[in-house]
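Trainee: Below is the structure, and that's it, no one-letter string:
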Ligand code: IPM
Ligand code: MG
């Protein structure tokens, strides 16, 4: 028994495939570094729906609340497209985020040197890129009431509500400023204060919180301009703070700047638990990729780096997180590529497990 409990939820599509490689990596840390985990595995998303008729069983929710960290693969897929909204795979993920109260979603967009040519932008615009998006994850239009599809005058209408309280904005802002203090001390907050009252309040609260962080340079940007600036000159940013919906969109945009969605991890953090570590869930930014499911093509790096974030933020193993990230960098600079990263002449792709093998070999070489 280890005192580190880790709940693994592989989910759907390529989730189980990439997670299988991460399980090997987790075992490697137990066998070689004395960093072992009490790992349990359960179902989420379509996989949970198939077994239980709901995208997240109450028992799984309870296990997630107890775990030191949750590592999730991906949810969703075409088989579930016609399900009732209330039991769609995505509802399982949103329930985890909401009930664990994981308000601060960290989405790094980092460009690995070896991959600078993969971006759709010019190499000089993205080489060395290192942005952290802090996306508020438990509120906003994803959860606001009223919501639903209703009928009026013989016509249906759909409604969702963007709602933010001051305290919700404040805690997300604090997490962004705290992170900026450990990085390059810049926060750019993005909303639409020109058209939305929630944006006006957002700007006001973020400005107020910034008074507690005088060393951090705060700027504000309308989110549409933010999207434009991200593709025009991404290196101007350090930490980007934004709401749930804008964060969803801007993080996909920022992720793709780095060449492949298959590379990027994320951490969703909540309030500190009794042990002082934040309640946390880690997951790749990519989705379940039904188009390549079951073909051994998926890139396990995003999920691997999500585990590295778990080592760093949940288990106080910063040096081991560095080791794992360095192993990934080594593999990439050695030219090992999964199919999503092709483009160079004469390079044959490795399979999902081939990438797992290469990362494990780099880890072996690191000790
Ligand atoms: C994400 C995803 C989710 C979101 C979906 C799967 C519910 O796009 O994590 O970015 O919209 O938040
Ligand atoms: Mg998204």
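Mentor: That came through fine. Everything numeric here is computed off the predicted structure, so don't read it as measured data. Numbering: from 1, shown residues only. Ligands and ions are numbered 1, 2, ... in the order given.
Trainee: The residue in the stretch 151-300 of the chain positioned nearest to ligand 1: what's it in contact with?
Mentor: Taking Cβ to the nearest ligand atom, ligand 1 has its nearest neighbour within the stretch 151-300 of the chain at residue 248, 4.6 Å off. Any C-beta I mention is one placed from the backbone N, CA and C, and that applies to glycine too. By Cβ atoms under 8 Å, 6 or more residues apart in numbering, the residues touching residue 248 are residue 135.
Trainee: Looking at per-residue confidence, what score does it get?
Mentor: Per-residue confidence (pLDDT) for residue 248: 95.
Trainee: got it, and the one 3 residues further on?
Mentor: Predicted confidence (pLDDT) at residue 251: the value is 92.
Trainee: just to revisit the earlier point, check which helix or strand the residue of the stretch 151-300 of the chain closest to ligand 1 maps to.
Mentor: Assigned by DSSP states H and E, residue 248 belongs to helix 244-257.
Trainee: In that helix, which residues are buried?
Mentor: By neighbour count with 16 or more other Cβ atoms under 10 Å, helix 244-257 contains the buried residues 244-248, 250-257.
Trainee: is any part of stretch 124-133 close to ligand 1?
Mentor: No. Stretch 124-133 lies apart from ligand 1 when judged by Cβ under 6 Å from any ligand atom; the minimum separation is 10.6 Å.
Trainee: What are the buried residues along that stretch?
Mentor: Under 16+ other Cβ under 10 Å, the buried positions of stretch 124-133 are 125-127, 129, 131-133.
Trainee: how far away is the spatially closest residue to residue 253 that is not a sequence neighbour from residue 61?
Mentor: Counting by Cβ to Cβ, 6 or more residues apart in numbering, the nearest residue to residue 253 once its immediate chain neighbours are dropped is residue 230, at 5.4 Å. As judged by Cβ to Cβ, to the nearest Å, residue 230 and residue 61 stand 35 Å apart.
Trainee: Give me the more crowded residue out of those two.
Mentor: residue 230 (24 against 17; other Cβ atoms under 10 Å).
Trainee: by how many degrees do the helix or strand that contains residue 203 and helix 244-257 diverge?
Mentor: According to DSSP H and E, residue 203 maps onto helix 197-210. Angle, helix 197-210 to helix 244-257, by axes from the mean of the first three to the mean of the last three Cα atoms, to 10 degrees: 70 degrees.
Trainee: who are the neighbours in contact with residue 19?
Mentor: With the criterion set at Cβ under 8 Å, 6+ apart, residue 19 makes contact with 8, 10, 71, 73, 303.
Trainee: The stretch 1-150 of the chain: strands as residue ranges?
Mentor: 5-11, 38-41, 69-74, 104-110, 130-136, 144-152 (DSSP state E, counting those that start in this stretch).
Trainee: just these: most buried one?
Mentor: strand 69-74 (a mean of 28; mean count of other Cβ atoms under 10 Å).
Trainee: ok, and what's touching it?
Mentor: So strand 69-74 is contacted by 4-16, 18-19, 22, 44-45, 64, 93, 96, 100, 280-284, 286-289, 303, 306-307, 310, 314-315 (Cβ under 8 Å, 6+ apart).
Trainee: Filter those down to the buried ones.
Mentor: Buried among these by 16+ other Cβ under 10 Å: 4-16, 18-19, 22, 44-45, 64, 93, 96, 100, 280-284, 286-289, 303, 306-307, 310, 314-315.
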